[in-house]
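*Asks:* need a structure here:
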Amino acid sequence: MSEKKNNPYRSRVIIFSVILALIAAAVIFSNSAVANSFGTIVSKMMAQMDYESIIDWAEADLLNSTEVTRYYRDLRSTHNEELMDISKHMTPMELAQAVNLIDMWMPNLRALKNGEADKAVITKVQVDALIENFLFVADRASPMLYSDIMMEMDRLQLRDFIGMTMTEAWIHLHVVWGIANPPPVSDLMRIDPTPTKFMYTPHPTEFITPQPLLDGSRYANFWAEFRNPDDGYGFAYPADWILRDHWGGGHPYWHMTICNNDLEYMLMDTPKGVCIEINRMWSSDPDKPFAQAATEGLCNLALHYECGPITLIPETANHPARVEFQFTAMVSDPQSMAFAAVFMEPNGRLIEIYSYLEVMKTTEARAIIESFVMGDDIPIVAPDFEPSKKVSLEDY
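*Replies:* Residues are numbered from 1 along each chain as shown. Take a look at the predicted model:
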């Protein structure tokens, strides 16, 4: 057996890469290395089936065939090291779910390889499983990986692929990118991966300039306001705290942080440091009730989080309904509790505001949540107190 065939980790990388390059851009979410238990399972699957030949074809030909698939190939490569780290910390149940996803999609990939793409139809069960996988990785991702996951889910609208054949999915993927006539699936072959207009380049973090909160109230000068220019949601936050957009341009505001310190993002967990995360993400099923949809990203059983009581705060004249709950912040540390408030936009996206429990108990964090509005016609009102000042390195 060749050295290549002795590497079970490669199998999952390519399987996910192909699936995502075709319909979900989850090429970036493919985990590159996993626990030995997963490798054993995949090895047994490979020995009994034709998975290896499908993977070889996908890696050599499919992922190098068009500028779109090369974009996702490069995106996967960019995040490969982090994905490996996420994989190494997967539980046995999570590994079993990953294997199930591979097995679920292999018939479609086999049909694509064997010239029978018109006979393989993408089902709701398959797409739901992909979305669950994306949310699983997004919840554990760095700001840049999280942003890329959300960007691709927003770009591709995965549920649009339900009911398509693999041929239709291949064409639709390219139409989304503005390519009306991609090469037929039957003619896929390796070509030189030359630079194209779709070359992937990582996006840096950008600092958002504070906008004055001009409501004329006593404490307005101590607060700034943020207003999303796309759909008008907004909130107040301490004027000298730092608001970061971890997109750094492009499709903005998928992942932001509000911090009372000027440290690097990953150093926020310091004795006096306060950082609050604001994420936008898709519900895995837009037809679910709000409370269920709002909690699933952080409380999904597949993520092994323990969630505390879930409270639904009804909407008022100026503020949308929200769901609040506690949850285990880190699977590896059951004592690390966090707190989240989740809102839902009219288009079905979720907006999660969360951090460690002690952070979210601060008056500033509560004020940010309670100032939240949905719609640019609703004014943002300054909280009625003076917030704490930003701290610096000398304070630690």
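*Asks:* now the longest strand along the chain: average pLDDT?
*Replies:* Determined from DSSP state E, the single longest strand within the chain is strand 333-344. Averaging pLDDT along strand 333-344 gives 79.
*Asks:* helix or strand right after that strand?
*Replies:* Later in the chain than strand 333-344, the nearest helix or strand by DSSP states H and E is strand 349-356.
*Asks:* contacts for that next one next, please.
*Replies:* Identification of contacts with strand 349-356 by Cβ atoms under 8 Å, 6 or more residues apart in numbering yields 233, 269, 274-283, 293-294, 297-298, 329, 336-345, 360, 365, 368-369, 372. For the C-beta atoms, the positions are set from N, CA and C on the backbone; glycine is no exception.
*Asks:* repeat the analysis, applying 7 Å as the threshold.
*Replies:* With Cβ atoms under 7 Å, 6 or more residues apart in numbering as the test, strand 349-356 has contacts from 233, 275-283, 293-294, 297, 329, 338-345, 365, 368-369.
*Asks:* that strand to strand 333-344, inter-axis angle?
*Replies:* 150 degrees (axes from the mean of the first three to the mean of the last three Cα atoms, to 10 degrees).
*Asks:* low-confidence ranges, the stretch 201-350 of the chain, go.
*Replies:* Flagging of the stretch 201-350 of the chain using pLDDT under 70 yields the residue ranges 201-204, 247-252, 263-272, 282-286, 296-306, 329-335.
*Asks:* show the residue spans covered by the strands in it.
*Replies:* 206-207, 211-212, 223-227, 234-238, 242-245, 255-259, 275-282, 311-313, 322-330, 333-344, 349-356 (DSSP state E, counting those that start in this stretch).
*Asks:* please name the nearest non-neighbouring residue to the most centrally placed residue in the chain.
*Replies:* In the chain, the centroid-proximal residue (Cα atoms, centre = their mean) is Ala138; its distance is 3.6 Å. Nearest non-adjacent residue to Ala138, counting by Cβ to Cβ, 6 or more residues apart in numbering: Ile149, 4.6 Å away.
*Asks:* one more: Pro182?
*Replies:* With Cβ to Cβ, 6+ apart as the criterion, Pro182 has its nearest non-adjacent residue at 3.9 Å, and that residue is His174.
*Asks:* find me the pLDDT at that neighbour, would you?
*Replies:* 88.
*Asks:* now swap in Tyr71 and tell me
*Replies:* Tyr71 is assigned 85 on the pLDDT scale.
*Asks:* and for it, the neighbour number?
*Replies:* Residues lying near Tyr71 (other Cβ atoms under 10 Å) number 19.
*Asks:* all further residue positions should be reported with the first residue as 18.
*Replies:* Done: numbering now begins at 18, and the last item shifts to Tyr88.
*Asks:* so it, which of the three states?
*Replies:* Assigned with DSSP: H, G, I helix; E, B strand; the rest coil, Tyr88 falls in the helix class.
*Asks:* now it: how far from Leu190?
*Replies:* From Tyr88 across to Leu190, the span is 11 Å (Cβ to Cβ, to the nearest Å).
*Asks:* same deal with Thr345?
*Replies:* Going from Thr345 to Leu190 by Cβ to Cβ gives 37 Å.
*Asks:* so between those two, which is more surrounded?
*Replies:* Leu190 (24 against 20).
*Asks:* tell me how far Leu147 lies from Thr140.
*Replies:* Distance, Leu147 to Thr140, by Cβ to Cβ: 11 Å.
*Asks:* which of the two has more neighbours?
*Replies:* For Leu147 versus Thr140, neighbours defined as other Cβ under 10 Å are more numerous around Leu147 (25 against 14).
*Asks:* wasn't the more buried one part of a helix?
*Replies:* Yes - assessed with three-state DSSP, Leu147 lies in a helix.
*Asks:* I figured it hits Phe178, correct?
*Replies:* No - with contact defined as Cβ atoms under 7 Å, Leu147 does not reach Phe178; the gap is 9.1 Å.
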